[in-house]
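Colleague: this one's sequence-less:
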């Protein structure tokens with residue numbers, strides 16, 4: 001019996017997962033416009049492939065916005081299910097610091113990608129590279145551009161997994177929005193997410209402290225708090241302690257309001273404990289640095305963003321260590337962002353992630369207007385959405 005044909009458009013984690021699951025019952029064709037699937041996936045793994053996170057339940061769901069949008073997806077395929085799936089492909093994982101989950105040491109992002117593609121092909125899926133989708137219609141006719149030639153193909157279902165707009169050199173350029181707009185499908189302008197922030201440093205910071213980490217700090221903004229490490233750059237700050245605050249900072253900047261973040265350099269010590277350490281120490285300088293175990297970069301920031309009186313007075317210095325205000329000028333651009341907000345409006349989707357205007361076409365992954373911080377949550381969301389949509393399509397066949 002001839003299997004019904006499904007097209008998956010895009011070879012990132014969401015598309016690969018959807019294609020893998022759909023291959024159970026369908027003739028699956030995955031189309032990737034680049035020379036190979038998973039280019040952005042490989043870039044994400046350059047410093048170690050943080051593929052998911054051990055958090056579950058509310059602790060997991062609250063990492064995703066808009067609130068509630070990803071709940072069904074993550075209930076259907078959470079971190080444990082992803083780890084079991086990877087293990088079935090020969091990719092064991094381990095939990096590292098702060099709950100981040102990685103492939104076992106020695107397993108590279110390229111090896112993970114190769115294992116997924118190998119398994120996908122062994123299940124009978126067809127992978128087509130160098131092929132770009134340029135149009136579709138209600139009769140499920142899909143027009144592709146391949147080697148300069150336009151080709152029309154028919155499918156029973158389709159899964160759009162065309163990615164966001166960050167790291168455009170990997171092919172994630174967001175140019176597909178015009179194609180959807182021609183069908184009156186609403187898209188939201190792309191904006192940077194999980195990106196650095198611009199701060200007006202004096203030359204002393206940019207010249208002598210760029211590239212230095214601020215370890216084990218807490219950063220807060222407008223009721224949101226994030227702990228981890230930040231990195232001083234020549235333009236400002238970036239890193240895991242900054243990224244979770246970006247949605248709130250972005251909203252405030254769009255409103256035209258001034259933005260200040262507040263850094264707690266010693267989140268495990270309260271103000272009283274800091275003052276006890278100071279005792280009768282000589283004010284400022286090396287004595288404070290030594291007693292509080294503050295790095296040269298941290299001391300430099302404290303000196304720049306406090307007055308002379310605040311830097312010299314013991315109680316005021318302790319206050320600054322616990323709550324240093326730093327003004328933010330802007331976010332870094334989309335081309336530098338790890339991920340993007342925006343894309344396909346969630347209002348255009350049914351609960352099963354099919355398009356309201358095209359009931360047999362589904363969307364998955366970062367092309368939809370949801371976001372999550374780094375720490376494994378982005379990849380988890382992409383893999384999970386691919387699984388979720390594939391399950392919904394398979395259920396239509398029963």
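Modeller: Done, it's in. What you see is a predicted model, and the numbers here were worked out from it, not measured in a lab.
Colleague: number of residues surrounding residue 243?
Modeller: Using other CB atoms under 10 Å, residue 243 has 25 neighbouring residues. To be clear about C-beta, it is placed using only N, CA and C from the backbone, and glycine gets the same treatment.
Colleague: correct me if wrong: it contacts residue 194.
Modeller: Yes - the pair residue 243 / residue 194 is scored as a contact, 4.4 Å apart, by CB atoms under 8 Å.
Colleague: tell me, what's touching these two both at once?
Modeller: The contact sets of residue 243 and residue 194 overlap at 338, 373, 374 (CB atoms under 8 Å, 6 or more residues apart in numbering).
Colleague: what packs against the helix or strand residue 382 falls within?
Modeller: Secondary structure from DSSP states H and E places residue 382 in helix 377-396. If you count contacts as 3 or more CB pairs under 8 Å, 6 or more residues apart in numbering; DSSP states H and E, helix 377-396 packs onto helix 13-22, strand 52-53, helix 71-76, helix 79-88, strand 157-160, strand 361-363.
Colleague: residue ranges of each domain in the chain, please.
Modeller: With domains defined by automatic domain parsing, the chain comprises 5-192+340-396, 197-331.
Colleague: winner for burial among those domains?
Modeller: Neighbour counts (mean count of other CB atoms under 10 Å) averaged over each of the domains of the chain peak at domain 5-192+340-396, with a mean of 19.
Colleague: which ones are touching residue 318?
Modeller: 271, 274, 275, 278.
Colleague: so what pLDDT did it get?
Modeller: Residue 318 is assigned 88 on the pLDDT scale.
Colleague: same question for residue 390.
Modeller: Residue 390 is assigned 98 on the pLDDT scale.
Colleague: what's the answer for the one 4 residues further on, then?
Modeller: The score at residue 394 is 97. That number is its pLDDT.
Colleague: kindly report the same for residue 172.
Modeller: 88.
Colleague: roughly how far apart are residue 247 and residue 130?
Modeller: Residue 247 is 35 Å from residue 130, where distance means CB to CB, to the nearest Å.
Colleague: still on that earlier bit, quick one: distance of the helix holding residue 382 to the chain centre.
Modeller: Here helix 377-396 is found 17 Å from its chain centre; the criterion is CA atoms, centre = their mean, to the nearest Å.
Colleague: by mean pLDDT, show me the worst of the domains of the chain.
Modeller: When I compare the domains of the chain, domain 197-331 is least confident, with a mean of 90.
Colleague: what's the end-to-end length of that domain?
Modeller: Across domain 197-331, the terminal residues are separated by 5 Å (CA to CA, to the nearest Å).
Colleague: for stretch 63-82, same thing?
Modeller: For stretch 63-82, the first-to-last residue distance is 17 Å (CA to CA).
Colleague: same question for stretch 71-81.
Modeller: Stretch 71-81 end-to-end distance (CA to CA) = 15 Å.
Colleague: same check, this time on stretch 21-31
Modeller: 16 Å.
Colleague: separation between residue 82 and residue 51?
Modeller: Counting by CB to CB, the gap from residue 82 to residue 51 is 7 Å.
Colleague: got it, and residue 266?
Modeller: Taking CB to CB as the measure, residue 266 falls 32 Å from residue 51.
Colleague: got it, and residue 226?
Modeller: Computed as CB to CB, the residue 226 to residue 51 distance reads 21 Å.
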